[in-house]
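A.B. asks: Starting from these lines, generate the structure:
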Amino acid sequence: MAGLIPQGFIDDLLARTDIVEVVGDRIKLKKAGKNFSALCPFHNEKSPSFSVSPDKQFYYCFGCGAGGNAIGFLMDHDRLEFPEAVEALARQAGVEVPREESVRGSRNAPSVRKDSPLYELLEVADGYYRQQLRHHAQRERAVDYLKGRGLSGQIAKRFGVGFAPPGWDNLMTHLVREKHEVKQLIDAGLVIDNEDNGRRYDRLRDRITFPIRDSRGRVVGFGGRVLGDDKPKYLNSPETPIFHKGRELYGLFEARQANRQLTDILVVEGYMDVIALAQQGITNAVATLGTATTEDHLKRLFRIVNQVVFCFDGDNAGRKAAWRALENALPVMTDGRQVRFMFLPDGEDPDSLVRSEGADAFRARLAQQALPLSDYLLRHLSEEVNSDSLEGKAHVASLALPLIEQIPGNMLKRLLRQELERRTGMDLDSLPPPPSPTPRADDEPPPDYDYPDRADESDAEHWPEQPRRSKARKRDMPHQVESPMIKATRTLLHHPYLAATVDQIERLTDEVSDEGQLLVALIRSLQQNPQQTTIQLLARWHGTALGDQLSELAEQEWLLNSSSANLEQQFFDTIAILMARQEERHIEQLLAKAAEVPLTTEEKQQLRTLLSSRNTPVADQ
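C.D. replies: All right, here's what the predicted structure looks like:
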């Protein structure tokens, strides 16, 4: 795998790139004041709502919420991954892309990303598992299982299949010997820290292992299939700082490696299905990782292909999962995109079916039996109620209309309404607008659905889920009061010079709120490197949870409608509030300690100073 592209090179590349030129080479731009406007290339519209700012080197669509820098535009428009987009810009600029090579397992090697050393750690774990499959004394049990599932050594190597041997701490002992800290192993999801009994042990034990790779081929987690009688049968890595199940798809990296040009992608339910299909020459399959298919999953897939086919078991649980996938697909169904659903015969899964009937017959089944989203939507609702009566037809219409209204593609929405009118005999245009559907969490599984790769994480250390939200849907939500921290972060992002005005940033190190931490991280970065521009800040954190938050705020420059002086005052007031809150927290800590043990002379002085400053108005501090 190629090494890391240096962050400094990315900053310089963006600085020498004109986003107007990049966008203008692909769509027709028209000068509109100091910016340029166009019809948005990411959704259908009749009047321009897409804007490109040469000053900020940023694009934003007020219709669908798409936005970003030149790299982000190439990723979305040309359907490129991040390294490919950087290379495309570099070619346009006539420069070579440098790489920082790292040695696997080397203690002094640069981490794959500055903001997380976990990538290198997971690569070392991946190498360990694969080595155990070749050399461990009990490897024959794993090899026999894989052969029994019809997998060759070649396909196992391609997907990096490995073996976690039995025993409580094999991996932990190996990695600690390689000078890795146990806390990092816990953060990476490789080791479980049981707080009840104080024990630490390997998460995967006596299991076949399947590395889960991100779009750049880096290992971000593992799946494991038990060899013995332990439960659960399948186990996935927990949420970590670099692994979010609502975003990643097992096998997507391998599918892109195997196919120069993908035309469609098949979504199945488990990683063994993905590998079994690849063994038979069907190399475009991916699988979710213990969650329902989310809107983020679909957005990612539609960057690569225009057609997604879901393959589910034909039982009740499979149909519930399919309906949930349809619900999450509706908000991303712009015109030109297709989603289809195929249900397998009872007792069959893709693995067993492709082995019994062969790849050609399986492909023919997909072509002939997979239902288009429109057919499945109306058929499912008609089966749910008796649509033969007038009351039943009215009920079908009442259920279908709120779903159809979620579709952003005008042509598809119109055709679905016409088909619904034909089936019900109703004039839908004469009806009042339907109520908005009740939102559901993207990663909430359908009731009673037991995912084959669902991890049992009762003893896992959970990380907060930070899914990417649908910007288009967010604009339709009722107005909510925005916190001062978010306003201050947006102001700082567009006016980086303000970071230099903040004194004693170290006093905010212990800020606990997510919004406060985001603001403090931005200030700290700008104080360390004051020359950074808005676009360089976004590039520096691209692909991280922090980067997602910053990108969303950067797209909202239009909210900065106050005068510069007022914006600055709001920013200073927010910093003062944060400082005061930290002082208050410090006071509470010292008072709590004083109730237990006597304070030191230094602590008493600190408390007196803090209590005296309490009476000073926040705005004057």
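A.B. asks: Need the per-residue pLDDT for Ile5.
C.D. replies: For Ile5, the pLDDT comes out at 83.
A.B. asks: residues contacting it?
C.D. replies: Neighbour list for Ile5: 83, 86, 97-100 [criterion: CB atoms under 8 Å, 6 or more residues apart in numbering]. From N, CA and C alone the C-beta is placed, and that goes for glycine too.
A.B. asks: how near is it to Lys231?
C.D. replies: As for Ile5, its distance to Lys231 is 43 Å (criterion: CB to CB, to the nearest Å).
A.B. asks: on that earlier part again, which of the contacts of Ile5 has the most neighbours?
C.D. replies: Of all those, the highest neighbour tally under other CB atoms under 10 Å goes to Val86, namely 23 neighbours.
A.B. asks: And what about that one, helix, strand or coil?
C.D. replies: Look at Val86: counting by DSSP: H, G, I helix; E, B strand; the rest coil, its state is helix.
A.B. asks: Ok, Pro211 next?
C.D. replies: Three-state assignment for Pro211 (three-state DSSP): strand.
A.B. asks: re the thing from before, of the contacts of Ile5, which is the nearest to Arg225?
C.D. replies: Of all the contacts of Ile5, Pro83 has the smallest distance to Arg225: 31.1 Å, by CB to CB.
A.B. asks: what helix or strand does the closest one sit in?
C.D. replies: For Pro83, the host element (DSSP states H and E) is helix 82-93.
A.B. asks: what bits of the stretch 101-250 of the chain have low per-residue confidence?
C.D. replies: 101-116, 179 (pLDDT under 70).
A.B. asks: could you show me where the strands are in it, in order?
C.D. replies: Using DSSP state E, counting those that start in this stretch, the strands of the stretch 101-250 of the chain run over 162-164, 191-194, 199-202, 207-213, 219-226, 234-236.
A.B. asks: what lines up beside the third one in the sheet?
C.D. replies: For strand 199-202, the paired strands and their directions (DSSP bridges) read strand 191-194 (antiparallel).
A.B. asks: hey, C-alpha coordinates of the strand it pairs with in PDB?
C.D. replies: Extracted in PDB, the C-alpha atoms of strand 191-194 (Å, rounded to 0.1, in the frame of the first residue of the first chain):
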ATOM      1  CA  VAL A 191      -8.600  -5.800  23.700                       C
ATOM      2  CA  ILE A 192     -11.600  -5.700  26.200                       C
ATOM      3  CA  ASP A 193     -11.100  -4.000  29.500                       C
ATOM      4  CA  ASN A 194     -13.600  -5.600  31.900                       C
END
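A.B. asks: tell me which residues of it are tucked away?
C.D. replies: Neighbour-count burial for strand 191-194 flags 191-192 (criterion: 16 or more other CB atoms under 10 Å).
A.B. asks: Stretch 183-190 now?
C.D. replies: Applying a neighbour-count criterion of 16+ other CB under 10 Å, one finds 184-190 buried in stretch 183-190.
A.B. asks: Give me the contacts around it.
C.D. replies: By CB under 8 Å, 6+ apart, the list of residues contacting stretch 183-190 reads 117-118, 121-122, 125, 171-172, 175-176, 191-193, 200, 202-204, 221-222, 237-241, 243, 460-461.
A.B. asks: residue ranges with poor pLDDT in the protein?
C.D. replies: Residue ranges of the chain with pLDDT under 70: 1-3, 101-116, 179, 429-483, 506-512, 535-536, 539-548, 554-567, 610, 613-621.
A.B. asks: can you rerun that using 50?
C.D. replies: 1, 103-115, 438-481, 558-565, 616-621 (pLDDT under 50).
A.B. asks: Can you give me the domain assignment for the chain?
C.D. replies: 7-93, 118-236, 252-430, 484-620 (automatic domain parsing).
A.B. asks: tell me, what residue is most central in this protein?
C.D. replies: Among the residues of the chain, the one closest to the centroid is Arg247, at 3.4 Å (CA atoms, centre = their mean).
A.B. asks: Extract the C-alpha set from the helix holding Pro83 and format it as PDB.
C.D. replies: Below are the C-alpha coordinates for helix 82-93, written out as PDB (Å, rounded to 0.1, in the frame of the first residue of the first chain):
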ATOM      1  CA  PHE A  82      -9.500  11.000  -1.400                       C
ATOM      2  CA  PRO A  83      -6.000   9.900  -2.600                       C
ATOM      3  CA  GLU A  84      -7.300   9.800  -6.200                       C
ATOM      4  CA  ALA A  85      -8.700  13.300  -6.000                       C
ATOM      5  CA  VAL A  86      -5.400  14.600  -4.600                       C
ATOM      6  CA  GLU A  87      -3.500  12.900  -7.500                       C
ATOM      7  CA  ALA A  88      -6.000  14.400 -10.000                       C
ATOM      8  CA  LEU A  89      -5.400  17.900  -8.700                       C
ATOM      9  CA  ALA A  90      -1.600  17.300  -8.600                       C
ATOM     10  CA  ARG A  91      -1.600  16.200 -12.300                       C
ATOM     11  CA  GLN A  92      -3.500  19.400 -13.100                       C
ATOM     12  CA  ALA A  93      -0.900  21.400 -11.200                       C
END
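A.B. asks: name the helices or strands packed onto it?
C.D. replies: helix 7-16, helix 70-77 (3 or more CB pairs under 8 Å, 6 or more residues apart in numbering; DSSP states H and E).
A.B. asks: So for the helix or strand that the longest one is followed by, what gets flagged as buried?
C.D. replies: Counting by DSSP H and E, the next helix or strand C-terminal to helix 7-16 is helix 19-24. Taking 16+ other CB under 10 Å as the basis for neighbour counts, the residues of helix 19-24 that come out buried are 19-20, 22-23.
A.B. asks: Kindly format the C-alpha coordinates of helix 19-24 as PDB.
C.D. replies: The C-alpha coordinates for helix 19-24 follow below in PDB (Å, rounded to 0.1, in the frame of the first residue of the first chain):
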ATOM      1  CA  ILE A  19     -11.700  25.800  -7.300                       C
ATOM      2  CA  VAL A  20     -13.500  27.900  -9.900                       C
ATOM      3  CA  GLU A  21     -11.300  26.400 -12.600                       C
ATOM      4  CA  VAL A  22     -11.800  22.800 -11.200                       C
ATOM      5  CA  VAL A  23     -15.600  23.200 -11.000                       C
ATOM      6  CA  GLY A  24     -15.800  25.200 -14.300                       C
END
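A.B. asks: How many residues are close by Asp202?
C.D. replies: 24.
A.B. asks: got the contact list for it?
C.D. replies: 164, 167-172, 190-192.
A.B. asks: give me that answer again for 7 Å
C.D. replies: Contacts for Asp202 (CB atoms under 7 Å, 6 or more residues apart in numbering) come out as 164, 168-172, 191.
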